[in-house]
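kindly generate the corresponding structure for this input.
(4 chains)
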Number of protein chains: 2
Amino acid sequence: MGLTRSEIFSDEQNQLSTLLKAIAHPARIAILQRILISNTCICGDLVEELGLAQATISQHLKELKTAGIIQGTIEGVSVCYCINPKTWKLLEEQLGTFFGSYKGETTCC
Amino acid sequence: MGLTRSEIFSDEQNQLSTLLKAIAHPARIAILQRILISNTCICGDLVEELGLAQATISQHLKELKTAGIIQGTIEGVSVCYCINPKTWKLLEEQLGTFFGSYKGETTCC
DNA sequence: ATTTTATATCGTAATATTGCGATATAAAAT
DNA sequence: ATTTTATATCGCAATATTACGATATAAAAT
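Numbering: from 1, shown residues only, chains lettered A, B, ... in the order given. I've put the predicted structure just below:
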């Protein structure tokens, strides 16, 4: 096979895994951290700061954008990227529920 | 190329992405949710409940175990899996910092 | 001792991801 | 009009992931 059998899981499980997958890469974590610090970021700056090729950065930005985690607006020649508040809050909430449901170290293994 | 250039990122960024990647799959989310509900889980139960082949479930369990998110103890014929509290707390903390550093909807894009 | 039960591992096919050079696009500056 | 600047897309090679049948392993029951 080789493709995830999403049809056997709930929409919530699929949605959460999609959002997590979008974040689960060091370059995309670095991009998000950069946006979180300065509210905004421009592709060109990331290329210099992260040390990955322009095509690679652009691709990572696209993945974050497709997942709905960031949004971009054309600003003259460049594109201004920032956090998409709606998705950010959604993911934060989902993760809160997920991690919050841990009952702590009960006697087991 | 085709392989992540981890050497250009910080240890923290690489660690966080590794942990997130381990969770970023609907089957593994389902497995963790199951463990979170009943504290414990056994491979065979998951095979029945999730509807994936035994080899597939075993592989997902291994990935979660390798990442340090769950731990397993041999219990007679079967293996009892549960959350690894140390890693769980670490990840929860890291994500807290990550999501917490969002300053909210400032005027940008 | 043999069979049953539960899990792990191997091997493999299908598909996805990562990274980047080359090229396209499109607004701004000359 | 042409050049510069900033980003996106295409195409490709290397590698990783996903799923599963087949088989191995090893404790428990017969």
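
is DNA strand D within reach of the host helix or strand of A:Lys21?
Assigned by DSSP states H and E, A:Lys21 belongs to helix A:11-23. No - using C-beta under 7 Å from any atom of the strand, helix A:11-23 stays clear of DNA strand D, coming no nearer than 7.6 Å. All C-beta spots, glycine's among them, are computed from the backbone N, C-alpha and C.

residue of chain A nearest DNA strand C, please.
A:Gly2 (1.7 Å; C-beta to the nearest atom of the strand).

A strand includes that residue, no?
No - under DSSP: H, G, I helix; E, B strand; the rest coil, A:Gly2 sits outside any strand and is assigned coil.

quick one: neighbours of it, just the number.
3 (other C-beta atoms under 10 Å in any protein chain shown).

what residues of the helix or strand harbouring A:Leu61 count as buried?
Using DSSP H and E, A:Leu61 sits in helix A:54-66. Within helix A:54-66, the residues that qualify as buried are A:Thr56, A:Ile57, A:His60, A:Leu61, A:Glu63, A:Leu64, A:Lys65, counting by 16 or more other C-beta atoms under 10 Å in any protein chain shown.

interface residues of chain A facing DNA strand C?
Within chain A, the positions near DNA strand C by C-beta under 7 Å from any atom of the strand are A:1-3, A:21, A:24-25, A:27, A:52-56, A:59-60, A:63, A:74, A:76-77.

distance of A:Val79 from A:Leu61?
8 Å (C-beta to C-beta, to the nearest Å).

before we move on, the earlier item: among the buried residues of helix A:54-66, which ones lie close to DNA strand D?
Of the buried residues of helix A:54-66, the ones that also sit near DNA strand D (C-beta under 7 Å from any atom of the strand) are A:Leu61.

can you redo the buried residues of helix A:54-66 as TSV with distance to A:Cys41?
Formatted as TSV, the buried residues of helix A:54-66 follow (distance: C-beta to C-beta, whole Å):
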residue	distance to A:Cys41
A:Thr56	15
A:Ile57	10
A:His60	12
A:Leu61	9
A:Glu63	15
A:Leu64	11
A:Lys65	12
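
between the buried residues of helix A:54-66, which is nearest chain B?
A:Thr56 (9.0 Å; C-beta to the nearest C-beta).
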